[in-house]
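J.: Using only what follows, build the 3D model:
(one chain, ligands or ions: 1)
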Amino acid sequence: MRSKSASRKSQASSEGASEEDFSFARNRLLVEIADDAERTESYTGRASFKESVMQALADVPREAFVPDGSRRKAYDNRPLPIGQGQTISQPYIVALMTDLLDLKPDDRVLEIGTGCGYQTAVLAVLASEIFSVEYLEDLHRSAKVRLTDLGCQNIRFRHGDGWQGWSEHAPYDAIIVKAAAARIPDRLKEQLAPGGRLLVPVGRQHETQFLTRIVRSPDGTFDEERGLPVAFVPLVEDR
Ligand code: SAH
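T.: As a prediction, this is how the structure comes out:
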């Protein structure tokens, strides 16, 4: 990972897969993502993703984020279980969502749903500060340890309910939600800076969810655009 002193080598020797195997698989995955981007243009409005986004995916060692026993599948273009009923997102979806955030190097980003921290690591390559909230304490703790070990220094972690956002550090230039919300969380809209982008899968579980992109204009109004149909685990509501 760029300038963050992450070493892939420690992960590479497991399960008989070498760094060369991973590097080959990683390059093949980038080609598959580029193909997917082209095929889904009518939903996403983007036939290709930014060079910087593709480079970030090339830089982050996905094998370090999947459970032991799944490392050989780390570069398959599909989601994988990470325990506790949760998943690591499909790499194409990570690329798409990252691209749709239109990140600039100085941006401050709020992520809801740290999970294993893979998306977090990709964001950390592209933006200046990442604030990541996770509801499940075990996942929160292990992601924090993993990303710290990988040398990421621009991420702050919080164990809590993402519906509330993280108001102490608001406003954010971009907010990304990695679980499906039954409706657009108002508290997150409020925490967007003028010009800020909020990306959230909207829909109930087992119903079609749509990746929804909301932009806060400088005069404070919100533009909302419904995009690709997706399937995410639900954004838990704390009652
Ligand atoms: N970011 C991960 C995806 C994780 S899956 C990746 O890169 O692959 C979605 C995550 O959202 C799960 O870890 C789940 O525990 C978390 N989550 C669900 N409801 C939440 C809530 N209300 N607040 C914060 N996190 C939540």
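J.: Confirm Ser132 sits in a strand?
T.: Yes - if the criterion is DSSP: H, G, I helix; E, B strand; the rest coil, then Ser132 is within a strand.
J.: My read is that it contacts Gly117, right?
T.: Yes - between Ser132 and Gly117 there is a contact at 7.5 Å, judged by Cβ atoms under 8 Å. (C-beta placed from N, C-alpha, C; glycine too.)
J.: shared neighbours of those two, which are they?
T.: Ala143 (Cβ atoms under 8 Å, 6 or more residues apart in numbering).
J.: Of these two, which one has the most company?
T.: Shown here are Ser132 and Gly117; by other Cβ atoms under 10 Å, Gly117 has more neighbours (31 against 28).
J.: Hmm, that one is touching Phe65, no?
T.: Yes - assessed by Cβ under 8 Å, Gly117 is found in contact with Phe65 at 6.3 Å.
J.: Quickly list what's touching both of these two.
T.: In contact with both Gly117 and Phe65: Arg146, using Cβ under 8 Å, 6+ apart.
J.: longest helix anywhere in this structure?
T.: Longest helix of the chain, by residue count under DSSP state H: helix 19-39.
J.: If you count neighbours, what's buried in that one?
T.: Buried residues in helix 19-39, counting neighbours by 16 or more other Cβ atoms under 10 Å, are found at Asp21, Phe22, Ala25, Arg26, Leu29, Leu30, Ile33, Ala34, Asp36, Ala37.
J.: likewise stretch 123-141?
T.: 123-127, 129-136, 139-140.
J.: Can you measure across it, start residue to end residue?
T.: By Cα to Cα, to the nearest Å, the extent of stretch 123-141 from end to end equals 19 Å.
J.: is any part of that stretch close to the ligand?
T.: Yes - applying Cβ under 6 Å from any ligand atom, one finds stretch 123-141 touching the ligand at Val133, Glu134, Tyr135, Leu136, Leu139.
J.: swap in stretch 41-57?
T.: No - using Cβ under 6 Å from any ligand atom, stretch 41-57 never reaches the ligand; the gap is at least 11.7 Å.
J.: Rounded mean pLDDT for that stretch, please.
T.: Across stretch 41-57, the average pLDDT comes to 97.
J.: Residues contacting that stretch, please?
T.: 2, 29-30, 33-34, 37-38, 91, 94-96, 98-100, 122, 125-126, 227-229.
J.: the strands in this structure, which residues?
T.: 80-83, 86-88, 108-112, 129-134, 155-159, 172-177, 192-202, 209-216, 222-230 (DSSP state E).
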